[in-house]
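In: Generate a structure from the sequence data that follows.
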Amino acid sequence: MAITKVTANVLADNSVTQAKLTDDAVGAAELASNAVVAASIADNAVTAGKIADDAISYAKLGAEFTTAAALSGTAVDWTTAAVFTKTLSGNTTLTFSNASTGMVIDLVITGNHTLTLPASVKEITGTYDGTVSNLIQIVSTNGNTEQWATISQAATS
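Out: Modelled structure (predicted):
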């Protein structure tokens, strides 16, 4: 009886299912060390339940959690950085985009001019003081429609 070599070209895309394999049908020695690569895994195949606790490193986090950026204009896109810096050169009204519930951003703002935050921002405590550097921390509690802010300045001695 002739034996036919089974290759990817012989198998239909969905012809081999988990139910058709026995527990020991394919041993570790039979698999190449690089047999499964990211490109082979469907986007929906990796779920939170399949990721081990503490398996995601800081290096794998998105820019919105790891990056500081200087604002050149007045638009703050929450997906581009975690910390935004700006020196006001005139009265300024900021606008926000792409805020998702639970996201937090920090604004480090200086400049002795009036700063206006978007109408969606509710200030909890503090007042902007343009004569010093201000740390404004904002948390989104309802996407682009509601955020809460605290405004702080460094303590003076």
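
In: hang on, residue 107 packs against residue 147?
Out: No - assessed by Cβ atoms under 8 Å, residue 107 is found out of contact with residue 147, at 11.3 Å. (Glycine included, C-beta is placed from N, CA and C.)

In: What sits closest to the residue nearest in space to the middle of the chain if chain neighbours are left out?
Out: Centroid-nearest residue in the chain, with Cα atoms, centre = their mean: residue 62, separated by 3.9 Å. Nearest residue to residue 62 in three dimensions, chain neighbours excluded: residue 79, at 7.5 Å (Cβ to Cβ, 6 or more residues apart in numbering).

In: Tell me where the protein has helices.
Out: 63-66 (DSSP state H).

In: contacts for the helix or strand of it with the lowest mean pLDDT?
Out: Ranked by mean pLDDT, DSSP states H and E, the weakest helix or strand in the chain is helix 63-66, scoring a mean of 88. Helix 63-66 is touched from outside by 58, 78, 79, 80, 81, 82, 103, with contacts defined as Cβ atoms under 8 Å, 6 or more residues apart in numbering.

In: these two touch, right, the fourth one and residue 71?
Out: I take that to be residue 80. No - here residue 80 lies out of contact with residue 71, judged by Cβ under 8 Å, at a distance of 10.0 Å.

In: Neighbour count: these two, which is higher?
Out: residue 71 (20 against 17; other Cβ atoms under 10 Å).

In: my guess is the more buried one meets residue 87, correct?
Out: No - contact criterion Cβ under 8 Å: residue 71 and residue 87 do not qualify, at 9.3 Å.

In: Was I right to think residue 137 contacts residue 126?
Out: No - judged on Cβ under 8 Å, residue 137 makes no contact with residue 126 at a distance of 9.6 Å.

In: where do the contact lists of these two overlap?
Out: 150, 152.

In: Fine, thanks again, bye for now.
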